[in-house]
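Engineer: Quick one: sequence and predicted model below, then my questions.
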Amino acid sequence: MKFKLNLVTLALLANAGFVSTAMAAGGYGIQDANTDKVKFDKWACKRCVVETGVNGTVGVGMGYNDSDDIRSANAFAAEDEFAYKVDADLKYISESGYRATIEADNLGMENGRLDINAGKSGKYNLNLNYRQIATYKTDSAMTPYQGVGGDHLTLADNWQTAGSSQDMTQLYSSLNPMELSLKRKRTGLGFEYSFDAEPGEKLWTTYLNYQREDKTGLKQASGSFYNQSMMLAEPVDHTTDTLEAGIKLKGDNWFTALSYSGSSFKNQYSQLTFDNAFNPTFGAQTQGSMALDPDNEAHTISLMGRVTADKTILSGRVHYGQMTQDQAFVSSGYGYQMPAESLDGRVDMKGVNLKLVSRLNRSVRIKASYDYSDRDNKTNVEEWTQISIDPTTGQVAYNTPYDITTQRAKLSANYRITRGMRLEAGYDYRQDDRSYQDRETTNEHTLWSKFRLSQFENWDMWIKGSYGERDGSEYQASEWTSNESNDLLRKYNLADRKRTMVEARVTHSPTEALTIDFGTRYALDDYNDSQIGLTESTDLSYDVSASYLINDDMTLTAFYNRQNIESDQSGSTNFSTPNWFSVVEDQVDVIGAGWSYSNLMEKKLRLGVDYTYSNSDSNTQVTQGVSGDYGDYYAKSHNVNIYGQYQATEKMALRLDYKMEKYEDNDASNEIAPDGIWNLVSFGSNSHDYTAHLIMLSINYRL
Amino acid sequence: MKIINTLKSVSLSVLPALLVSAVLSLGMTSVAHASKWDAKMTPDEVEATLDKKFAEGKYSPKGADSCLMCHRKSEKVMDLFKGVHGSITSSKSPMAGLQCEACHGPLGKHNRGGKEPMIAFGPDSTLSAEKQNSVCMSCHLDDKRMDWNGGHHDNADVACASCHSVHTDKDPVLSKNTEVEVCTSCHTKQKADMNKRSSHPMKWGQMVCSDCHNPHGTMSDSDLVKPSINETCYSCHAEKRGPKLWEHAPVTENCVTCHNPHGSVNEGMLTTRAPQLCQQCHASDGHASSAYMGNTDQGSTVGGNAFTGGRSCLNCHSQIHGSNHPSGKLFQR
């Protein structure tokens, strides 16, 4: 085969002879190749064999799903008793270089995915894609409201309001179960084009990607009147359009790109109106309205670039973005004058990132970076009357458009002591400046180091440690809050903090077939100036995993993780020094194991099992003289997948999957009847306890 | 450093043993003796030879045809032609330029018995990851990879070939079905996190690590795909973007102030449950300062009042991500 002179060749020829550049760059980059002596006219590539035509696999599957709790659909991607799917992995190549691929994965199930590409390698590509993401919370949330799924929730005509949910005589006869789940369907279209480069020109590429996401379902919300509240099903019907476009330009030792990213969010419902289930109190309100997430837009333009000079790489990015929102305000049930019909809100986002990486010599590489980001909320500050328990004279409040500027500087060095022994160390600085907060400025200094040793045969290990201190300007607990706050409170995102972290990992392969890995991590956050609020948290975890290739056909793997997180906080009921204390202790165990056996029955059968167990447990204790706790709060899950794949004929393979999920969770604070709390109409107990099974048979055919 | 044999069992036959062993021995390159020359030369000698060969530029007389004289019998070698790197019609493919030697370096005297080193990739190569990667990066420098150098994986000596293979029909690491296994074979903390009570749907492959992170590095925190944490979150949670009339500052500032996106023992990936989470910042004179004891000997229960039962603080302050209601200052509407 004869080649035209092309870009790669030209790049080579252009650089021919610059041996010193090649050495200096310290690598084997194609631009640095010394091609003086190459006689390209003899390079015919007669032995290069590219198969053309269509090849790949297509498959269909059918499954039976046995579950009495919709939550199992998270794991099985199947809502109904029967599930069907189509899989495909197809490729077409033409002699002239056109290529097309179709990849379908679980298409037809709730986590289905499709990706189609067509184009000419290195020239252009057209992409079409589809993806679904579905999450399920419960199908037994109980509500007395009618009109679920819409934006107006009403109670039955014969509803009897009462001062307490226990006295609502129509409550139990009105309850209906509903499903809280959210489904996203994404469809995307993309195009990429690379311009042909003439001799001496640079490589241009442009792209355009569009995506529409429809998100539908129901989520939990609450509507309240003074101190009484009802759980509500908020309708979700969102459409988000995303457009990304850009131009990329590449030279031998540099690259630059200009890109645009835009997103438009539309909510089918702007407000949720609901009947008051309780006797009207202040303001005699029998109906309430809450504002749902408003339509909004965001646009960002960024310019990035990188240049390599000798052994130094300098890269940077600047971006400017705007987020806007101008949805008409909810006015129903709000009897006061508004300064505007809509917010006309605007936030400007600016960012600058600079990074320099330089190899000083064979052993030492240094890195320095500076990052600046600024969120500037340009929305007007106005006077807004707040509905209050005094119906005639609402309190006036001003909105506080939030600004934050963050600057970071980092410096680090990576030192190769010998082959297989490396030391890294660095210093990070961060400064945040905020508006309308208890503390205007916070500064954080962090030192870190990592040592890695892979010198010894079959051992690889590293240890990393860091220590950081955060402080800042004067803390004024109540400056911007209308409610007087305890002067000793330090909000944990603004408070002084000493943060310590140590992490280590060891990997050992005593034989070629066996690998064992152990890691541990400890982190301590000490809020050293906080008397009220979060005072300390610790996080200790370790994990061990092993993989063993028993023989050429059999593999065994295992994984275990334990994590303990403890958080201490304090409060004060008499608005002074701490007089109550709370401890939250989380413990997580995860066990995983897998076994697979290939090449059974004359290399036609493959069997395997995967098992995962997890237990998330949390305990909350509060002490003020006496001690109380928040009861059981855990989630335990067993997941098993047993599979067998049989190559029935040369072209056709059968696969049988059995999946099981045994899941149990609870939360004492939510294991309540709909009228279990006098001033609350709840969804009822939210706990799960189920065992679900899925059997799926699939047939794959190789074209 | 890494172990990824889980990959083999979980991901079934889609992953060639190549990948498994590739990730397995990542970081242990100094002990591998795979190539002929490694038996007689130290890694430093190999590198010095390659540097010299590269500078001299003694390429083969007939390009790929010279190489395939010997190597065409290897199925793995010939598999190159199934993928884009073996495309003979694309002007951007290595086959359109220096062909095999574009990546493996000039032939030199390698054809005399195969004892002279060539640039080799993957787990059995003694060549440093940085040198291996310089080959790949010379073509793959674009907006998604321009921050590779000095980034997390570069610093950890991860070679491109530790995860990727080009001598194949289809690079297995690019499959969404195996991606999470590949990443969590090193990132074990995140592997445990995604199995917690609440997490993004990673465990079931509905989401993958690269939805939020770019493994090749970015200029953002944690190699996120967007300029900031919140902008990354907004790319799926656009409804929280606003700006709304009443902003809850820590929400606007940083989603991870309250959430752990990798998973948590609490519902909604909250770092701490309510009311404790809220009381870590709110201690005004009134109900926010009270001690909510839960179950005590005195007869109170955690599910018996609206401060701890049901949605706790969110029973009334439901619009905790911000409100656009004119009377929404306290996030009740």
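Structural biologist: It's in.

Engineer: Every contact and neighbour count from this point should use C-alpha atoms.
Structural biologist: OK.

Engineer: Excluding covalently adjacent residues, which one is nearest to residue A:286?
Structural biologist: residue A:276 (4.9 Å; CA to CA, 6 or more residues apart in numbering or on different chains).

Engineer: so who does that neighbour touch?
Structural biologist: By CA atoms under 8 Å, 6 or more residues apart in numbering or on different chains, the residues touching residue A:276 are A:161, A:225, A:285, A:286, A:287, A:288.

Engineer: now residue A:380
Structural biologist: Residue A:380 makes contact with A:345, A:401, according to CA under 8 Å, 6+ apart.

Engineer: that's a helix at it, yeah?
Structural biologist: No. With DSSP: H, G, I helix; E, B strand; the rest coil as the criterion, residue A:380 is located in coil rather than a helix.

Engineer: returning to what we had before: lowest-confidence one in the contacts of residue A:276?
Structural biologist: Ranked by pLDDT, the contacts of residue A:276 bottom out at residue A:285, which scores 84.

Engineer: least trustworthy helix or strand in chain A by mean pLDDT?
Structural biologist: helix A:19-25 (a mean of 39; mean pLDDT, DSSP states H and E).

Engineer: circling back: among the contacts of residue A:276, who's most crowded?
Structural biologist: Counting neighbours by other CA atoms under 10 Å in any protein chain shown, the top entry in the contacts of residue A:276 is residue A:225, with 25 neighbours.

Engineer: List phi and psi for it.
Structural biologist: Dihedral angles phi and psi of residue A:225 (degrees, to the nearest 10) take the values phi -130, psi 120.

Engineer: Ok, the one 3 residues further on next?
Structural biologist: Taking degrees, to the nearest 10, you get phi -120, psi 140 for the backbone angles of residue A:228.

Engineer: Up against chain B, what does the stretch 151-300 of chain A have?
Structural biologist: A:221-224, A:227-231, A:240, A:248, A:250, A:252, A:255-257, A:265, A:267, A:289-296 (CA under 8 Å from any CA of the partner chain).

Engineer: one more time with 7 Å, if that's ok
Structural biologist: Within the stretch 151-300 of chain A, the positions adjacent to chain B are A:221-224, A:229, A:255, A:257, A:265, A:289-291, A:293-294, A:296 by CA under 7 Å from any CA of the partner chain.

Engineer: Residue A:511: which of these is nearest?
Structural biologist: residue A:255 (44.6 Å; CA to CA).

Engineer: Go ahead and confirm the closest one touches residue A:249.
Structural biologist: Yes. Contact criterion CA atoms under 7 Å: residue A:255 and residue A:249 qualify, at 5.8 Å.

Engineer: Give me the more crowded residue out of these two.
Structural biologist: Neighbours per residue (other CA under 10 Å) separate residue A:255 from residue A:249, with residue A:255 holding more: 21 against 18.

Engineer: Can you check the pLDDT for the more buried one?
Structural biologist: On the pLDDT scale, residue A:255 is placed at 93.

Engineer: Using the three-state scheme, assign it.
Structural biologist: Under three-state DSSP, the three-state class of residue A:255 is strand.

Engineer: That one pairs with what?
Structural biologist: Listed beta-bridge partners, residue A:255: residue A:250, residue A:306 (assigned using DSSP bridges).

Engineer: Next, residue B:211: phi, psi?
Structural biologist: phi -60, psi -30.

Engineer: which residue packs closest to residue A:76, ignoring adjacent ones?
Structural biologist: Sequence neighbours aside, residue A:694 is the residue nearest to residue A:76 in space, at 7.0 Å (criterion: CA to CA, 6+ apart).

Engineer: is it true that the one you found touches residue A:72?
Structural biologist: No. Under the criterion of CA under 7 Å, residue A:694 is not in contact with residue A:72, lying 9.7 Å apart.

Engineer: Between these two, which is the more surrounded one?
Structural biologist: Legend: neighbour count by other CA under 10 Å for residue A:694 and residue A:72, higher for residue A:72 (27 against 23).

Engineer: and the more buried one, what does it touch?
Structural biologist: residue A:692 (CA atoms under 7 Å, 6 or more residues apart in numbering or on different chains).

Engineer: follow-up on the earlier one: I'd like the residues of the stretch 151-300 of chain A next to chain B laid out as JSON lines, including distance to residue B:51 and secondary structure.
Structural biologist: Listed next are those as JSON lines, based on distance: CA to CA, whole Å; DSSP: H, G, I helix; E, B strand; the rest coil:
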{"residue": "A:221", "distance to residue B:51": "65", "secondary structure": "strand"}
{"residue": "A:222", "distance to residue B:51": "68", "secondary structure": "strand"}
{"residue": "A:223", "distance to residue B:51": "71", "secondary structure": "strand"}
{"residue": "A:224", "distance to residue B:51": "73", "secondary structure": "strand"}
{"residue": "A:229", "distance to residue B:51": "74", "secondary structure": "strand"}
{"residue": "A:255", "distance to residue B:51": "25", "secondary structure": "strand"}
{"residue": "A:257", "distance to residue B:51": "32", "secondary structure": "strand"}
{"residue": "A:265", "distance to residue B:51": "54", "secondary structure": "strand"}
{"residue": "A:289", "distance to residue B:51": "72", "secondary structure": "strand"}
{"residue": "A:290", "distance to residue B:51": "69", "secondary structure": "strand"}
{"residue": "A:291", "distance to residue B:51": "66", "secondary structure": "strand"}
{"residue": "A:293", "distance to residue B:51": "60", "secondary structure": "coil"}
{"residue": "A:294", "distance to residue B:51": "60", "secondary structure": "coil"}
{"residue": "A:296", "distance to residue B:51": "56", "secondary structure": "strand"}
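
Engineer: Tell me which residues of the following helix or strand past the least confident helix or strand of chain A come out buried.
Structural biologist: Using DSSP states H and E, the next helix or strand after helix A:19-25 towards the C-terminus is strand A:53-66. Within strand A:53-66, the residues that count as buried by 16 or more other CA atoms under 10 Å in any protein chain shown are A:56, A:57, A:58, A:59, A:60, A:61, A:62, A:63, A:64, A:65, A:66.

Engineer: And stretch B:213-222, by the same measure?
Structural biologist: For stretch B:213-222, burial by neighbour count (16+ other CA under 10 Å) applies to B:213, B:214, B:215, B:216, B:217, B:218, B:219, B:220, B:222.

Engineer: The fifth one and residue B:142, how far apart?
Structural biologist: Relative to residue B:142, residue B:217 is positioned 12 Å away (CA to CA, to the nearest Å).

Engineer: residues shared between the contacts of these two?
Structural biologist: Counting by CA under 7 Å, 6+ apart, residue B:217 and residue B:142 have no common neighbour.

Engineer: Would you mind listing what in the stretch 101-250 of chain B touches chain A?
Structural biologist: Residues of the stretch 101-250 of chain B lying close to chain A by CA under 7 Å from any CA are B:102, B:131, B:134-135, B:138, B:142-143, B:146, B:150, B:192, B:195-197, B:204, B:206, B:219, B:238-239, B:242-243, B:245-246, B:249.

Engineer: At the geometric centre of the chain, which residue do we find?
Structural biologist: This is for chain A. What sits nearest the mean C-alpha location of chain A, by CA atoms, centre = their mean, is residue A:133, with 12.9 Å.

Engineer: Actually, chain B is the one I wanted.
Structural biologist: residue B:215 (3.7 Å).

Engineer: On the three-state scheme, it is what?
Structural biologist: Of the three states, residue B:215 takes coil under three-state DSSP.

Engineer: How about the contacts made by it?
Structural biologist: Residue B:215 touches nothing, counting by CA under 7 Å, 6+ apart.

Engineer: where does the stretch 1-150 of chain A dip in pLDDT?
Structural biologist: Across the stretch 1-150 of chain A, the ranges flagged by pLDDT under 70 are A:1-25.

Engineer: hang on, the earlier thing: got the contacts of residue A:276 as a markdown table, with secondary structure columns?
Structural biologist: Output for those, formatted as a markdown table (three-state DSSP):
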| residue | secondary structure |
| --- | --- |
| A:161 | coil |
| A:225 | strand |
| A:285 | coil |
| A:286 | coil |
| A:287 | strand |
| A:288 | strand |
